[in-house]
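K.L.:
One predicted model, sequence on top.
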Amino acid sequence: MNARLLVLVLLASIALFASQAEALFGRRTRWGLVPPPEDKLQASASVVSGWFTQKLDHFNPQERRTFNQRYFLNADYFNQTDPKAPVFLFLGGEGELRSTWVTQGTMFDLGKKFGALLIALEHRYYGDSHPFTDLSTPNLAWLSSQQALADYAYFSQVFENGAYSGRRWYAFGGSYSGGLAGWLRMKYPTFFHGSLASSGPVDPVIEYWQYFDVVQNALQYYGGADCVNDFTTATNEVDSMVKTAPQDIAQKLNLCYAPNKFSTDMDLAGLWETMIDTFAGIVQYNKDGAPVSVRTVCQQLKQAPRKSDAFLAIIKSQLTPGNCTEWDYRAQLAPIANQAITTAGNMRQWIYQTCTEFGYYQTTSQKVKIIPSDKIPLSFFINLCKDAFGITYDLDYIKKATRDTVVNYGSTDIPVSNVIWTNGNIDPWHVLSVLDKTPSQPDTMTLMMIEGTSHCASLYAPGQYDTDSLKKAREQIADIFAGYLAQP
């Protein structure tokens, strides 16, 4: 085989492995907001899909390059003859934008009630809104929350030649884009009159071990101390199995191969990340009463003579069926190092943002009681940053980046009016959101902790598993928006 052909074969193999790993990670959505499902509203609504010519760099007047940014628009209930009819903008976050955000959910329901024009704008570098033909590290230089906020502000003033710039705009977002919704009101208050910020983390901590504190609290909430003890027993048993019976782990989880003497600390961290990340996703998107929920998990653990058997069975049920599961460090790195663009791919872009702005690394330090300590160390995530983007993206770099984010946005002490910050006590991300008011924060900033709900519950359409507190919260949100709209 000649050298050129060998290189081509190697590149093809890397791309194939990366695409398979991306598909593997696709079932784990703990990084962001899950889009609403397609339904009959999607087919019946008059949704317009289009492209907006967006600036590449809003802060360098010498940079004249642009790119196409995708949007969806629904004018079915827009009261165009009323000059006070608002524009509701859903902020795309760390993933592909779906048109369902303008056909169902809280923004849609409020838009129907108040005669609003509904628009959703995809976040730069995600979905189909890419400035470049690949995701090389130099090409990612314009991927930041600051550029994204400027995208939304510029869009509000220039869309359709400024036809709607004289109307009041309101932002909606969840998870990362929930934080963006709050920051957008703070940074561009002239352009955006209010926001609904659902489950928006705004405190950029590097080592976020408290995530698992909330997982423990969720186990306690639905299953009492017995569930916490059963889960802790399960993870300790799994820890022993990794050391003494790795083939059993491989068989129970359908791993591509078992841990062995060649497995590095980073490989084993990859195995634990695969297991814990999968389980934590059940908590993050919990719907009490659903076939798989924190409550049913507690019941399975309680009924199992050997707790680790139930724990591993629960994880396997959430993994993509069919192909074996890649788990080592190489498998974790592959989709992050992959520079090819796919519509659904988001791992490389989001991890880049964690390396350059946010941190948010869910580690298992000694403070985490339900998982053996240091199974997922901070070094695992720092190595991912360096290996995917370059050696300069080390811990010192990330420390400076997160400090800069605090300076830019103010962490949880954000003095912004007309923002509703909603969170759920079961959501592991709520710790990093705005939970308590300080004297510097205005009266028209509203904080809602929605009992028994998890990630971004306040954004979705009413469903069969809604709690009474969630139903009440939706009513309160509607009342608050009515107040925003009535403001002079």
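P.N.:
Yep, it's here.

K.L.:
Assess the claim that residue 316 and residue 253 are in contact.
P.N.:
Yes. Between residue 316 and residue 253 there is a contact under CB atoms under 8 Å: 5.4 Å. In this view, the C-beta of every residue, glycine as well, is placed from N, C-alpha and C.

K.L.:
Counting neighbours, go ahead and name the busier of these two.
P.N.:
Shown here are residue 316 and residue 253; by other CB atoms under 10 Å, residue 253 has more neighbours (22 against 15).

K.L.:
Can you name the residues that contact the more buried one?
P.N.:
Residue 253 makes contact with 275, 312, 315, 316, 319, 325, 327, according to CB atoms under 8 Å, 6 or more residues apart in numbering.

K.L.:
make it 10 Å
P.N.:
238, 271, 274-275, 278, 312-313, 315-316, 319, 324-325, 327 (CB atoms under 10 Å, 6 or more residues apart in numbering).

K.L.:
Among these, name the buried ones.
P.N.:
238, 271, 274, 275, 278, 312, 315, 319, 325, 327 (16 or more other CB atoms under 10 Å).

K.L.:
Sitting in helices, which of the contacts of residue 253 do you find?
P.N.:
238, 271, 274, 275, 278, 312, 313, 315, 316 (DSSP state H).

K.L.:
Report the two of these separated the most.
P.N.:
271 and 313 (16.7 Å; CB to CB).

K.L.:
Number of residues surrounding residue 436?
P.N.:
8.

K.L.:
Would you list the phi and psi of it?
P.N.:
Note on residue 436: backbone dihedrals following degrees, to the nearest 10 are phi -130, psi 140.

K.L.:
correct me, but it touches residue 412?
P.N.:
Yes. With contact defined as CB atoms under 10 Å, residue 436 counts as touching residue 412 (7.7 Å).

K.L.:
Among the ones in helices among the contacts of residue 253, which one sits closest to residue 335?
P.N.:
residue 274 (12.9 Å).

K.L.:
returning to that earlier point: kindly reformat the ones in helices among the contacts of residue 253 as TSV containing pLDDT and distance to residue 340.
P.N.:
TSV is the format used below for the ones in helices among the contacts of residue 253 (pLDDT from 0 to 100; distance: CB to CB, whole Å):
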residue	pLDDT	distance to residue 340
238	97	34
271	97	26
274	95	23
275	96	28
278	94	25
312	97	33
313	97	35
315	96	29
316	95	29
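
K.L.:
Which stretches in the stretch 251-400 of the chain count as helices?
P.N.:
Ranges of helices within the stretch 251-400 of the chain are 265-284, 294-303, 307-318, 329-337, 347-353, 378-389, 395-409, based on DSSP state H, counting those that start in this stretch.

K.L.:
Likewise for the stretch 51-200 of the chain?
P.N.:
Counting by DSSP H, counting those that start in this stretch, the helices of the stretch 51-200 of the chain are 106-114, 145-162, 176-187.

K.L.:
so what pLDDT did the nearest residue to residue 181 once chain neighbours are set aside get?
P.N.:
In this structure, residue 181 finds its nearest non-sequential neighbour in residue 173, 3.7 Å apart by CB to CB, 6 or more residues apart in numbering. Per-residue confidence (pLDDT) for residue 173: 98.

K.L.:
Could you list the low-pLDDT ranges of the chain?
P.N.:
1-31, 38-45 (pLDDT under 70).

K.L.:
what's the spacing between the nearest residue to residue 200 once chain neighbours are set aside and residue 190?
P.N.:
Nearest residue to residue 200, sequence neighbours excluded (CB to CB, 6+ apart): residue 178, at 2.8 Å. Relative to residue 190, residue 178 is positioned 21 Å away (CB to CB, to the nearest Å).
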